[in-house]
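In: all I have is the shape, not the residue letters:
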């Protein structure tokens, strides 16, 4: 599958996306280092192309073609067989009345604009997240999370939180009651940099920022210390470790996110960041707003009455797990 859109300006570059079959039920984005594509999304695209019908010819007057192109121009679409022979070729323009779109076709050297029935632009996109599972952890959700550590290198500190089970009736500590189970309630505790009762809403916001994180783009594969340094992953700016219970889908108990350096802008004015999942070699890009929760101060996670409490700092060895390295990187 080849998708291409002309440059928006004379100085710009054309956008191209090329996907190739990698097996009976798998596809890869060749233009992004063979990053795995979503089989379901590719199938939906192919079914949309296969099911499209030429409803009627709108015009053959070339001088009017511009009236039917999309807001970002025409999107060239090619579906090729194993030998590279075209199975389908067309240029997708703007939407007509749903579920139709305007399409530019060429046959025997003659171009025409047709109204294509059952072909909508939501099945055809050039952005990487259109073709991949954009969520970094699609099976992980808040109820399964039992603890979280946030290493903040610029602040030289680690924040650590742990879920505690309590009896919903009297508030006493329960005995390992499952999160969200009948007759059960939970509370969150800050374990580091000090011991205190944490604000549940704030902690859940932090966790949802992690479980709901979505990639904007795929940058490439890391290979060795030099590549790590290129993306700031040799000494991550932030490192988040989330701990899940044994019932979490996928069976993983620890999820790690390394946030390197800004991919656009600087540390103070970044538009996007390089990130990598623990145990993975793919460098991804996420927008700055996606990591905002991991930059917050300890007091942001405490109830108002706790913010002014004078408590002894806790030993950071009490953290829920290991953040694998001090904020200084030593």
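Out: Okay, I see it. Just so it is clear, the structure is predicted and the values come from calculations on it, not from any experiment.

In: please count neighbours and contacts with C-alpha atoms only from this point.
Out: Fine.

In: now do the strands in the stretch 1-150 of the chain.
Out: 2-5, 15-23, 26-29, 35-37, 53-59, 75-80, 86-95, 100-107, 110-117, 145-152 (DSSP state E, counting those that start in this stretch).

In: residues making contact with the fifth one?
Out: Judged by Cα atoms under 8 Å, 6 or more residues apart in numbering, the contacts made with strand 53-59 from elsewhere in the structure are 65, 112-118.

In: list the contacts of the closest residue to residue 94 other than its chain neighbours.
Out: In space, and not counting its chain neighbours, residue 94 is closest to residue 70: 4.0 Å by Cα to Cα, 6 or more residues apart in numbering. Residue 70 is in contact with 92-95, counting by Cα under 8 Å, 6+ apart.

In: residue 70 and residue 286: what is the separation?
Out: Noted for residue 70: a distance of 27 Å to residue 286, by Cα to Cα, to the nearest Å.

In: list the beta-bridge partners for the residue nearest to residue 94.
Out: residue 73 (DSSP bridges).

In: can you list the weak-confidence ranges in this protein?
Out: Counting by pLDDT under 70, the chain shows low-confidence ranges at 8-9, 167-185, 247-248, 250-251, 306-330.

In: and the residue most central in space within it, its phi and psi?
Out: Computing the C-alpha centroid of the chain and ranking residues by Cα atoms, centre = their mean puts residue 214 first, at 1.7 Å. For residue 214, the backbone dihedrals (degrees, to the nearest 10) come out as phi -120, psi 140.

In: tell me how many other residues crowd the closest residue to it other than its chain neighbours.
Out: Counting by Cα to Cα, 6+ apart, the nearest residue to residue 214 once its immediate chain neighbours are dropped is residue 135, at 4.3 Å. Residue 135 has 16 neighbours, counted by other Cα atoms under 10 Å.

In: so residue 135 sits right up against residue 216, yeah?
Out: No. The criterion here is Cα atoms under 8 Å, and residue 135 misses it with residue 216 at 9.8 Å.

In: residue 269 versus residue 32, what's the distance?
Out: Residue 32 is 27 Å from residue 269, by Cα to Cα.

In: so for these two, which residue has more residues nearby?
Out: Taking other Cα under 10 Å, residue 32 and residue 269 do not tie; residue 32 has more neighbours (17 against 10).

In: can you tell me the closest non-neighbouring residue to the more buried one?
Out: residue 218 (6.4 Å).

In: same question, residue 6
Out: residue 14 (4.5 Å).

In: can you give me phi and psi for that neighbour?
Out: Phi and psi for residue 14, reported as degrees, to the nearest 10, are phi -70, psi 140.

In: okay, now it: neighbour count?
Out: 12.

In: surely the residue nearest to residue 32 and residue 282 touch.
Out: Yes. Applying Cα under 8 Å, one finds residue 218 in contact with residue 282, separated by 7.5 Å.

In: look at these two and report which has more neighbours.
Out: Neighbour count, other Cα under 10 Å: between residue 218 and residue 282, residue 218 has more, with 21 against 18.

In: helix/strand/coil for the more buried one?
Out: strand (DSSP: H, G, I helix; E, B strand; the rest coil).

In: dump the residue contacts of it.
Out: 32, 35, 128, 282-285.
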